[in-house]
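Visitor: have a look at this prediction, sequence included:
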Amino acid sequence: MSGTAASTLPSCSAAWAEQFRTLYEAAAGRTVDPWWALVALLRFSDDWPSFIPTQVNGLISVDTEGMAARVDDLLAMTLRRLG
């Protein structure tokens, strides 16, 4: 996302995730159905902060302390997209 407007947002924010989705939709020429985004977000659990750092294997830093709050924010944004 280098060189895009999204690079000006903190990479650990719901707003960044939402802007990434918008840019993805523009590049792909199709939209992400908010219903399926909601399904994915509702799969989040308290276990995620324990396995995500292992999954990325130190390739990037992971802000596990703010993870649940960001998911909550993105969930609210997704619900607004559903109307």
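Guide: Arrived safely. Numbers count the residues shown, from 1 in each chain.
Visitor: hey, where'd the strands end up in the protein?
Guide: In the chain, no segments count as strands under DSSP state E.
Visitor: shaky segments in it?
Guide: For the chain, applying pLDDT under 70 flags the ranges 1-11.
Visitor: and the most centrally placed residue in the chain, how far from M67?
Guide: For the chain, the residue nearest the mean C-alpha position is A17 (3.9 Å; Cα atoms, centre = their mean). Counting by Cβ to Cβ, to the nearest Å, the separation of A17 from M67 is 12 Å. Backbone N, C-alpha and C define where each C-beta goes, glycine included.
Visitor: apart from its neighbours in sequence, what residue is nearest the residue nearest to the centre of the chain?
Guide: Once flanking residues are discounted, A17 sits nearest to L74: 5.4 Å by Cβ to Cβ, 6 or more residues apart in numbering.
Visitor: was I right about R21 contacting V32?
Guide: Yes - R21 lies in contact with V32 (Cβ atoms under 8 Å); the separation is 5.7 Å.
Visitor: of these two, who's got more company?
Guide: More crowded of R21 and V32, by other Cβ atoms under 10 Å: R21, with 19 against 15.
Visitor: give me the neighbour count for T78.
Guide: 23.
Visitor: who's in contact with it?
Guide: Counting by Cβ atoms under 8 Å, 6 or more residues apart in numbering, T78 makes contact with P34, A37, L38, L41.
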